[in-house]
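Asker: Model the following, please.
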Amino acid sequence: MVHTKRGLLLAVLLATTAPAFAQTRELVMNTDASDPAPKAAFEQLIADFEAEYPGIKVKVNTFDHEGYKTAIRNFLTADAPDLANWYAGNRMAPFVQANQFLDVSDVWAENGLSESLHSAESAMTIDGKQWGIPYTYYQWGIYYNKDVYEKVGVEPTDNWEEFLANCAKFQEAGIDCVTTGSKALWPIAGIFDYLSLRTNGYEWHMQLTRGEIPWTDDKVKAVFAEWEKLLPYISKNHAAIDWQDAVSNIVQGKAANYVMGNFAAATFKDGGMTNDNLGFMPFPTINPDIPRAEEAPTDTIHIPSGAKNPEDAKLFLAFLARADVQTKMNQTLGQLPINAESSVGDDPYLQAGFELLSTAEGGIAQFFDRDASPEMAKAGMEGFQEFMVRPERLDTILERLERVRQREAG
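Answerer: Take a look at the predicted model:
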């Protein structure tokens, strides 16, 4: 009788504790999604994932942006989480090469992601394998004042020579064809990237930013030759102003075009512009034989090699890649989903960006200060600004950048 009672008691205990055991699966995610919109987007993402997979709980460790850049190098080595957010392209390459990110090509293959996430596949691929899931990006391109175009009597164009011809007409009318603010250096890196992508193509551009091509190469000089054609038409005081000051030039009709990322659309509208007079167009084609590549900084999530629960982490990545999940997440972020089957709201700039990036057969670049090493990015952007002010110093500038490249190459 005692044995029977013990048996019943054991059976009851097992019955009541079994669900608890089933719910002990945990995923640990490290992220720098500390700003309000990303924080809200991640909270919703995790709530939706846990609702679909009630046996898995996601624990989140949130870092500030700058702190995360250092922290990730430490925690990938010492105490790896199951999931970590980062960036695509050359920014993820060091972690891949150090065997600190898991190959997730199986997640891509099993979920048909080469098709649905095609626009960002090249930025996620190293050695023919995929190393994470991209979930959001935003387009760069040319934002322009429609009223100024109408005033001068020219039409937007996707042809480089026609664009330069328009620039001459803006100049005759006393209007800067292109404005920018290079005081903080980074805005003009967008100009360099597009000229590089349009002149020599995505693969070449990525080789350059990886340090595999000398800065004194003739193809590099060809990029700057195209840039020099544009220099007479760029705001003369660019080195003294920030990017927001250049926005004012567009708002006030002092300039026609601005090479900038979509995050600036809100600043244009804060200045009084509307969808009626703020236009967006792709950076013009220079070499029609080169597949069109675009600039779109891409945020990603990866599985560290030291993850304790890689199987559930792969479930999370597959969930994150879904069209409906990316649609919902990017509504909160105010950015663009990468899944081509996702949808965007009625914002015309997001719609234009989604179409632009989803059809970028040439590839997606991440922006110069993400694609290049920190030292090369700093030296490069300083060189770009110097070239814009003193183009006759190009050879000296390129020789200096080449010394930086050689030093990094060891």
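
Asker: Sketch out the low-pLDDT regions of this structure for me.
Answerer: The model of the chain has pLDDT under 70 over residues 1-23.

Asker: care to break it down by domain?
Answerer: Annotated domains of the chain cover 2-137+298-361, 140-295+373-409 [automatic domain parsing].

Asker: Could you dump these into TSV with distance to Phe367 added?
Answerer: For glycine as for every other residue, the C-beta is placed from the backbone atoms N, C-alpha and C. Output for these, formatted as TSV (distance: least, C-beta to C-beta, whole Å):
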stretch	distance to Phe367
domain 2-137+298-361	9
domain 140-295+373-409	6
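
Asker: can you list these in JSON lines and add mean neighbour count?
Answerer: As requested, these are exported to JSON lines (neighbours: other C-beta atoms under 10 Å):
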{"stretch": "domain 2-137+298-361", "mean neighbour count": "18"}
{"stretch": "domain 140-295+373-409", "mean neighbour count": "18"}
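
Asker: Surely Leu394 and Val223 touch.
Answerer: No - shown here, Leu394 and Val223 do not form a contact pair, counting by C-beta atoms under 8 Å, at 10.6 Å.

Asker: helices or strands up against the helix or strand containing Val223?
Answerer: Secondary structure from DSSP states H and E places Val223 in helix 218-230. If you count contacts as 3 or more C-beta pairs under 8 Å, 6 or more residues apart in numbering; DSSP states H and E, helix 218-230 packs onto helix 160-172, helix 186-200, helix 374-389, helix 394-409.

Asker: got TSV for those helices, with distance to Asp106 too?
Answerer: Supplementary listing: the helices and strands packed on helix 218-230 in TSV, determined by distance: least, C-beta to C-beta, whole Å:
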stretch	distance to Asp106
helix 160-172	42
helix 186-200	31
helix 374-389	32
helix 394-409	34
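
Asker: Quick check: bridge partners of Val178?
Answerer: Applying DSSP bridges to Val178 gives these bridge partners: Ile234, Asn257.

Asker: which residues does Ile338 contact?
Answerer: By C-beta atoms under 8 Å, 6 or more residues apart in numbering, the contact list for Ile338 reads 117, 119-120, 134-137, 298, 326, 357.

Asker: Touching, Arg25 and Glu311? I think so.
Answerer: No - Arg25 is not in contact with Glu311 according to C-beta under 8 Å; the separation is 9.2 Å.

Asker: Please save the CA atoms from the helix holding Val223 in PDB.
Answerer: C-alpha atoms of helix 218-230 as PDB (Å, rounded to 0.1, in the frame of the first residue of the first chain):
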ATOM      1  CA  ASP A 218      43.400  53.400 -61.900                       C
ATOM      2  CA  LYS A 219      39.800  52.300 -61.200                       C
ATOM      3  CA  VAL A 220      39.900  54.300 -57.900                       C
ATOM      4  CA  LYS A 221      41.100  57.400 -59.900                       C
ATOM      5  CA  ALA A 222      38.200  56.800 -62.300                       C
ATOM      6  CA  VAL A 223      35.800  57.200 -59.400                       C
ATOM      7  CA  PHE A 224      37.300  60.500 -58.400                       C
ATOM      8  CA  ALA A 225      37.300  61.600 -62.100                       C
ATOM      9  CA  GLU A 226      33.500  61.300 -62.000                       C
ATOM     10  CA  TRP A 227      33.300  63.100 -58.700                       C
ATOM     11  CA  GLU A 228      35.400  66.000 -60.000                       C
ATOM     12  CA  LYS A 229      32.800  66.600 -62.700                       C
ATOM     13  CA  LEU A 230      30.300  67.200 -59.900                       C
END
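
Asker: Number the residues from 23 up from this point.
Answerer: Sure, I'll start numbering at 23, so the last one becomes helix 240-252.

Asker: Need the residues that contact it.
Answerer: 182, 186, 189, 199-200, 213-214, 217-218, 220-222, 226, 230, 235-236, 308, 409-410, 413, 416, 420.

Asker: ok, now stretch 69-87?
Answerer: Where contact means C-beta under 8 Å, 6+ apart, the residues beyond stretch 69-87 that reach it are 44-45, 47-56, 61, 64, 68, 93, 103, 334, 337-338, 341, 347, 350.

Asker: Next: stretch 209-219.
Answerer: 162, 202-204, 226-227, 230, 245-246, 248-249, 252, 260, 265, 268, 281-283, 305, 308, 312, 315-317, 384, 387, 389-391, 399, 402-403, 406-407, 410.

Asker: mind saving the C-alpha coords of that stretch as PDB?
Answerer: The C-alpha coordinates for stretch 209-219 follow below in PDB (Å, rounded to 0.1, in the frame of the first residue of the first chain):
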ATOM      1  CA  PRO A 209      27.600  62.500 -45.400                       C
ATOM      2  CA  ILE A 210      30.100  62.700 -48.300                       C
ATOM      3  CA  ALA A 211      31.000  59.000 -47.900                       C
ATOM      4  CA  GLY A 212      27.500  58.400 -49.400                       C
ATOM      5  CA  ILE A 213      28.600  60.300 -52.500                       C
ATOM      6  CA  PHE A 214      31.800  58.400 -52.800                       C
ATOM      7  CA  ASP A 215      30.000  55.000 -52.300                       C
ATOM      8  CA  TYR A 216      27.500  55.700 -55.100                       C
ATOM      9  CA  LEU A 217      30.200  57.000 -57.500                       C
ATOM     10  CA  SER A 218      32.200  53.800 -56.800                       C
ATOM     11  CA  LEU A 219      29.200  51.500 -57.100                       C
END
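
Asker: from the chain's centre, how far out does that stretch sit?
Answerer: The chain centre lies 14 Å from the centre of stretch 209-219; the measure is C-alpha atoms, centre = their mean, to the nearest Å.

Asker: Stretch 127-134 too?
Answerer: Worked out by C-alpha atoms, centre = their mean, stretch 127-134 lies 22 Å from the chain centre.

Asker: show me where the stretch 273-422 of the chain has helices.
Answerer: Under the criterion DSSP state H, counting those that start in this stretch, the stretch 273-422 of the chain carries helices at the ranges 287-292, 332-343, 345-355, 370-380, 390-393, 396-411, 416-431.

Asker: Compare these and give me the one nearest Gly275.
Answerer: Smallest distance to Gly275 across those (C-beta to C-beta): 12.6 Å, for helix 287-292.
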